[in-house]
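Participant: the following block contains a protein sequence and its predicted model.
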Amino acid sequence: MPIVSSPGSSALPLVPRCDLFCTVVDNFGDIGVCWRLARQLVREHGWSVRLWVDDLASFRHLRPDIDPSLARQRCDGVEVRRWDSDFGPITDGNAPGDIVIEAFACHIPDVFIEAMHARKKAGSAPIWINLEYLSAEDWVEGCHLQKSVHPQLGLVKTFFFPGFTKRTGGLARERELLSQRDAFLSRPDLRDAWWQRTLGLPSAPKDAWVVSLFTYENTALPALLVQWAASKTPIVCLVPQGRIAPSVAAWFGRETLAPRESATRGALSVYGLPFVPQSEFDALLWACDLNFVRGEDSFVRAQWAAKPLVWHIYPQDDEAHHIKLDAFLERYLGDPPAGTADARPLGHDAREALRTFWHLWNGYASTPPDWAALAAALPELNRHARAWACAQASLPDLARQLASFAENQVK
Ligand code: TRH
């Protein structure tokens, strides 16, 4: 479709109706991002949101009360619709709302697009948005809010890019997120309660580094586990059920590391974690001193946790993800903007320890990542993580930007 710039047309009602389409490509990031956004548009912006999902079984991992057998259900004020391969004819029950969001360039049904066109002919074209994947690359600013026109139907689609600068669509951040985080971090009793609830331990371990490990399969893992086992400071590693847990179990000579099972070698203790509902995922990140995360949504949440993080980026063909990873590192390791609380530039050693560790964790070379160098930098990285979160929080969040964009289309 040709890129143009032209505004939308119809007036936005008091309670805008939004259709948000989500295709689950794999894992949990696609539905993780969409579910978070749907809830926030309802709770914080008063929208009526219908979330179309093609894989409710995956969704159920994040939200256990989702019933995959139901074509239609309500959850936290969001109408969740099962997006079957046969969308069926357009009726009053599935006609396009005022805003249509296709997440990550998923293909919304032709019959639905034709119904959007019918709305346009009636003088109220829906605002059509393609929500893109997150990237820190420079070109994102130039593409954010670019428009293209459907060659046959004349419908205008706007490309909405999340990002880390004020010329992008921002990051998902709920209104209460940072105050909830700060309450958790300032109250050891909340942290202890989390340990009791999640692992049945009486309290958070003292004098140990606590690390969460939510990551894809990784050939660098055994070398890291060896270093952790030999660490001077004890390491407590929490491993959610999923893609990395079998490799951790295998390193201990076991078949599985089920929830609440543990294993110890030298200074390293590992605990299997249940896959928690998404609403409880932040607490896991807050409870740790260092978080290994992946994909998109956990990567963003780890930044809001204001703790040091190691990102296992989603691998792409031709190593394209390395460009994306380096673009983020460039921003993240840069000096915090003036005026950011507790902002001091990171020292050279801390900066390079993190950069090198991330590179090796993401397969840039077959050298093992250097845990000792990263561990030495953790206090400084901790301060930096807080300054980064604080600077990012000064920008408007993704849902707010989407809502403002939709409102501005009709002014
Ligand atoms: O699961 P991911 O790897 O997801 C993706 C998808 O693969 C997608 O196709 C790809 O394009 C994208 O990454 C970049 O990682 P992500 O994005 O971090 O999503 C994980 C979600 O799972 C996130 O919302 C947090 C949630 N989660 C829980 O709710 N409970 C848990 O216990 C854990 C470990 C995660």
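Facilitator: All right, it came through fine.
Participant: from what I see, Asp192 and Ala204 are in contact.
Facilitator: Yes. Here Asp192 lies in contact with Ala204, judged by CB atoms under 8 Å, at a distance of 5.8 Å. (C-beta placed from N, C-alpha, C; glycine too.)
Participant: who has more neighbours, those two?
Facilitator: Ala204 (18 against 15; other CB atoms under 10 Å).
Participant: so the nearest residue to Ile99 once chain neighbours are set aside: helix, strand or coil?
Facilitator: Spatial nearest neighbour of Ile99, excluding adjacent residues (CB to CB, 6 or more residues apart in numbering): Cys18 at 4.3 Å. Look at Cys18: counting by DSSP: H, G, I helix; E, B strand; the rest coil, its state is strand.
Participant: next up, the contacts around Cys18.
Facilitator: Residues near Cys18 by CB atoms under 8 Å, 6 or more residues apart in numbering: 41, 47-50, 97-101.
Participant: how about a cut-off of 6 Å?
Facilitator: Applying CB atoms under 6 Å, 6 or more residues apart in numbering, we find Cys18 in contact with 47, 49, 97, 99.
Participant: check Pro308 too.
Facilitator: Here Pro308 is in contact with 290, 378, 381-382, 385 (CB under 6 Å, 6+ apart).
Participant: break this protein into its domains for me.
Facilitator: 17-171+396-409, 177-393 (automatic domain parsing).
Participant: quick check: the residue nearest to Ile99 vs the ligand, distance?
Facilitator: 20 Å (CB to the nearest ligand atom, to the nearest Å).
Participant: with Pro345 instead?
Facilitator: Separation of Pro345 from the ligand (CB to the nearest ligand atom): 29 Å.
Participant: count of residues packed around the closest residue in space to that residue that isn't next to it in sequence?
Facilitator: Sequence neighbours aside, Asp335 is the residue nearest to Pro345 in space, at 4.4 Å (criterion: CB to CB, 6+ apart). A count of neighbours around Asp335, defined by other CB under 10 Å, yields 12.
Participant: check which helix or strand Asp335 maps to.
Facilitator: Using DSSP states H and E, Asp335 sits within no helix or strand.
Participant: and it, what pLDDT?
Facilitator: Looking at Asp335, its pLDDT reads 83.
Participant: likewise for Pro345?
Facilitator: 87.
Participant: wait, isn't Val210 in contact with Trp286?
Facilitator: No. Applying CB atoms under 6 Å, one finds Val210 not in contact with Trp286, separated by 10.7 Å.
Participant: intersection of neighbour lists for those two?
Facilitator: With CB under 6 Å, 6+ apart as the test, Val210 and Trp286 reach no residue in common.
Participant: quick one: the strands in the stretch 201-350 of the chain?
Facilitator: Counting by DSSP state E, counting those that start in this stretch, one finds strands in the stretch 201-350 of the chain at the ranges 209-213, 235-240, 262-265, 268-273, 290-294, 309-312.
Participant: which one of the ones you listed lies closest to the ligand?
Facilitator: Closest of the strands of the stretch 201-350 of the chain to the ligand is strand 235-240, at 3.7 Å (criterion: CB to the nearest ligand atom).
Participant: contacts for the closest one next, please.
Facilitator: By CB under 6 Å, 6+ apart, strand 235-240 touches 205, 208-214, 228, 245, 248, 257, 267-273, 275.
Participant: that one: partners in the sheet, and parallel or antiparallel?
Facilitator: strand 209-213 (parallel), strand 268-273 (parallel) (DSSP bridges).
Participant: and that strand with strand 290-294, angle?
Facilitator: 30 degrees (axes from the mean of the first three to the mean of the last three CA atoms, to 10 degrees).
Participant: quick one: strand 235-240 near the ligand?
Facilitator: Yes. On the criterion CB under 6 Å from any ligand atom, strand 235-240 is in touch with the ligand at Pro240.
Participant: identify each buried residue in that strand, please.
Facilitator: Using 16 or more other CB atoms under 10 Å as the test for burial, strand 235-240 gives 235-240.
Participant: what does the stretch 301-411 of the chain have sitting close to the ligand?
Facilitator: Tyr314.
Participant: residues touching whichever strand or helix holds Phe59, excluding its own?
Facilitator: Using DSSP H and E, Phe59 sits in helix 56-62. Contact with helix 56-62 is made by 24, 31, 53, 66, 68, 82, 275, 278, as judged by CB under 6 Å, 6+ apart.
Participant: kindly recompute the last result at 7 Å.
Facilitator: Identification of contacts with helix 56-62 by CB atoms under 7 Å, 6 or more residues apart in numbering yields 24, 28, 31-32, 35, 53, 66, 68, 82, 275, 277-278.
Participant: need the residues of this structure near the ligand, please.
Facilitator: 25-30, 32, 62, 214, 240, 275-276, 278, 281, 294-299, 314.
Participant: list the buried residues of stretch 362-374.
Facilitator: 362-363, 368-371, 374.
Participant: could you do stretch 195-208 as well?
Facilitator: The neighbour-count check on stretch 195-208 (16+ other CB under 10 Å) flags 195, 198-199, 201, 204, 208 as buried.
Participant: now do that stretch: distance to the chain's middle.
Facilitator: 26 Å (CA atoms, centre = their mean, to the nearest Å).
Participant: same check on stretch 23-35?
Facilitator: For stretch 23-35 - counting by CA atoms, centre = their mean - the centre lies 9 Å from the chain centre.
Participant: before we move on, what about stretch 324-335?
Facilitator: Chain-centre distance of stretch 324-335: 17 Å, with CA atoms, centre = their mean.
Participant: and that stretch, what's buried?
Facilitator: So stretch 324-335, judged by 16+ other CB under 10 Å, has buried residues 324-329, 332-333.
Participant: neighbouring contacts of it?
Facilitator: Residues from elsewhere that reach stretch 324-335 (CB under 7 Å, 6+ apart): 135-137, 164, 311, 313, 345-346, 351, 354-355, 358, 362, 388.
Participant: which one of those residues is nearest to Arg400?
Facilitator: Phe164 (15.6 Å; CB to CB).
Participant: just confirm that closest one is within a helix.
Facilitator: No. Counting by three-state DSSP, Phe164 falls outside a helix, being coil.
Participant: burial of it, as a residue count?
Facilitator: Phe164 has 21 neighbouring residues, counting by other CB under 10 Å.
Participant: which ones are touching it?
Facilitator: Shown in contact with Phe164 (CB under 7 Å, 6+ apart): 136, 331, 392.
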